[in-house]
Structure formats: structure tokens, C-alpha cells
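Enquirer: coords below, sequence missing:
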């Protein structure tokens, strides 16, 4: 059970405002922290089980270099009792004309999270939620073949599932919350 929920970066796109509060409500977590940076977390140790949601594309949009974002996440690989969910735009699959920095960071984040998931004897999990680039206030659509557009609550539900006890067996997974847009990319196979 998650005792503390952390989110980075502080500034999220308008379409994802309230993400941390809604995830915390679903998980019944009272301790929610929005981080200024991830470097301080690498040295912190918690007495309980923590969860971290890293919104990769928002960090790049805030001016962090893609390489720095991925390096910051990678530095957490040995942090015990930490579940990490990276939220990335699905533009890295080639489904839109995505922001290059965000696409590079998204692809690297997927590889990093899968690498973190392979740690032996780890007590924390590492997963990815890929969402339409349109939710990051960039050009792009909010839906795939399904008629309904992807909404913020869909992202909240996916993140909360990965961090919940029901999703406790999932590690190293990429969940596409994009109405099936990933089927248009040869990179998703």
C-alpha cells in the first residue's frame, strides 16, 4: 500500500491538472508531494512504500533536457520501496508530429522503466502510461479508432491501477491509454 505519493514536475499541462490529487484519492493516500526536482529524492529513504509519478513530457516542456530527465529517473533505480509510473506522450511511436525532445525522452523513459523493472530483489515496480500527445497541449489528437477522446480521468485511472494492490503484479509494462492509436505504429508491436 502506497504511503506517500510524489509527482514531478510541479507544473503539468492544463489537461492533466489535478492528476496527483485524483490518483491520491483513488489510492486513499493522504501524503502527496509535488517535487521541485528528482535529485533530492535519490538520497531520501522512506520508512514506508512510496510512489512516484513522473510526467516526462511536462518535464521536457518545463525546460529540462531529455537526457537530464531520463538520468534523473535512472538515478532512482536503487531506491527501495518505490513504485514509479512514467507518463509519456505516444508521439515517440510516430503517431503524430511530436515534439522531438519529448519523443526522445518518451522513448528513453520506456527503455529506462523496463530496465528498472528487471532489478532483482526489488520491492518497487516501474511502469509506463502512454497517452496522446494532444493531452500535453501540443498538436495531436486525443483519440484513436474509438469514438471517445481520451480524458484526464482515463490517465488517472491507469496511473492509479499501476500503483494499486490490484496492479501489484505489473512491472515493466507500457499501458497505452490512447483509444487504440498505437495500432497505427509499427513500433508498438
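Expert: Now that the structure is in, tell me what you want to look at. The model shown is predicted, which means the values in this text are computed figures rather than measured ones.
Enquirer: From residue 126, how far off is residue 156?
Expert: When distance is defined by Cβ to Cβ, to the nearest Å, residue 156 is 19 Å away from residue 126. Backbone N, C-alpha and C define where each C-beta goes, glycine included.
Enquirer: Between these two, point out the one with more neighbours.
Expert: A count of neighbours by other Cβ atoms under 10 Å puts residue 126 above the other of residue 156 and residue 126, at 28 against 22.
Enquirer: Got phi/psi on that one?
Expert: Main-chain torsions, residue 126, degrees, to the nearest 10: phi -140, psi 120.
Enquirer: What count of nearby residues applies to the nearest residue to it once chain neighbours are set aside?
Expert: Counting by Cβ to Cβ, 6 or more residues apart in numbering, residue 116 is the residue found nearest to residue 126 once chain neighbours are left out, at 3.8 Å. Using other Cβ under 10 Å, the number of residues around residue 116 comes to 24.
Enquirer: Check the offset of stretch 78-98 from the chain's centre.
Expert: 5 Å (Cα atoms, centre = their mean, to the nearest Å).
Enquirer: mean confidence score for that stretch?
Expert: Per-residue pLDDT over stretch 78-98 has a mean of 79.
Enquirer: what's the answer for stretch 178-189, then?
Expert: 66.
Enquirer: for stretch 7-21, same thing?
Expert: Stretch 7-21 shows a mean pLDDT of 93.
Enquirer: Repeat that for stretch 113-132.
Expert: Stretch 113-132 comes out at a mean pLDDT of 87.
Enquirer: Show me what the biggest strand by length in the chain pairs with in its sheet, parallel or antiparallel.
Expert: Longest strand of the chain, by residue count under DSSP state E: strand 82-89. Within its sheet, strand 82-89 is paired with strand 50-55 (parallel), strand 126-131 (parallel), according to DSSP bridges.
Enquirer: Sounds good, over and out.
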